[in-house]
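Asks: Predicted model and sequence below, questions to follow.
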Amino acid sequence: MKRPGLACCLSLLLLACRAAAPAAPDSPGDALPAGERIGTPLEPRAVHTLAELSAAPESFRDRTLLVEATVEAVCQKAGCWMKLGDAGADGAVTAMVRWEEGCGGRYVFPADAVGRRVIVQGSWYPKSISEEDALHIEEEAADGVAIPRETWELNASAILVRD
């Protein structure tokens with residue numbers, strides 16, 4: 001009678017280990033908190049704060065990131081932009097967010113997200129906003145929100161509005 005070989009024993013051990021291991025998440029965003037997801041699927045990666053990004057903005061430039069912050073303002077007409085803010089080491093830190101597809105694309109930022117925490121998936125880059133555009137954006141916001149003329153912006157592919 002033949003005894004099972006080493007390969008057979010290793011195969012059985014591997015199957016036993018797989019059965020005992022915890023299951024992987026069904027989708028990349030499953031490790032993220034609960035909330036309303038808008039846009040493309042969220043990809044797993046470290047979640048950064050605006051303070052981290054503003055401390056070394058060039059090191060994050062043109063990279064796809066997950067960024068968590070508080071929504072300060074949302075376009076009330078078309079949902080095409082958001083202003084995010086948080087406290088940083090040197091005071092308030094803000095950034096603008098727009099959809100990759102631009103205004104009128106498939107996705108909109110929820111008008112009722114003001115004051116809520118969001119996680120934005122997008123690329124980070126410097127942005128100059130003309131005086132005319134800034135005034136237009138300020139008109140679209142509620143409560144007289146000031147829009148910075150020189151800022152950093154997230155070009156969003158997805159957001160998660162936290163519960």
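Replies: Received it, and whenever you're ready, just let me know what you need.
Asks: buried sites along stretch 68-80?
Replies: Along stretch 68-80, the positions that meet the burial threshold by neighbour count (16 or more other CB atoms under 10 Å) are E68, A69, T70, V71, E72, A73, V74, C75, G79, C80. Glycine gets a C-beta too; all of them are placed from N, C-alpha and C.
Asks: so how far is that stretch from its chain's centroid?
Replies: Distance, stretch centre to chain centre, for stretch 68-80: 13 Å (CA atoms, centre = their mean, to the nearest Å).
Asks: same thing with stretch 72-81?
Replies: Remark: stretch 72-81 is offset 16 Å from the chain centroid, using CA atoms, centre = their mean.
Asks: what sits opposite the spatially most central residue of the chain in the beta ladder?
Replies: The centre of the chain sits closest to V120, judged by CA atoms, centre = their mean, with a distance of 1.6 Å. Counting by DSSP bridges, V120 forms beta bridges with V67, I159.
Asks: Verify the stated contact: it with T70.
Replies: No - using CB atoms under 8 Å, V120 is not in contact with T70, being 11.5 Å away.
Asks: List the residues that are in contact with both of these two.
Replies: When contacts are counted by CB atoms under 8 Å, 6 or more residues apart in numbering, V120 and T70 are jointly contacted by L84.
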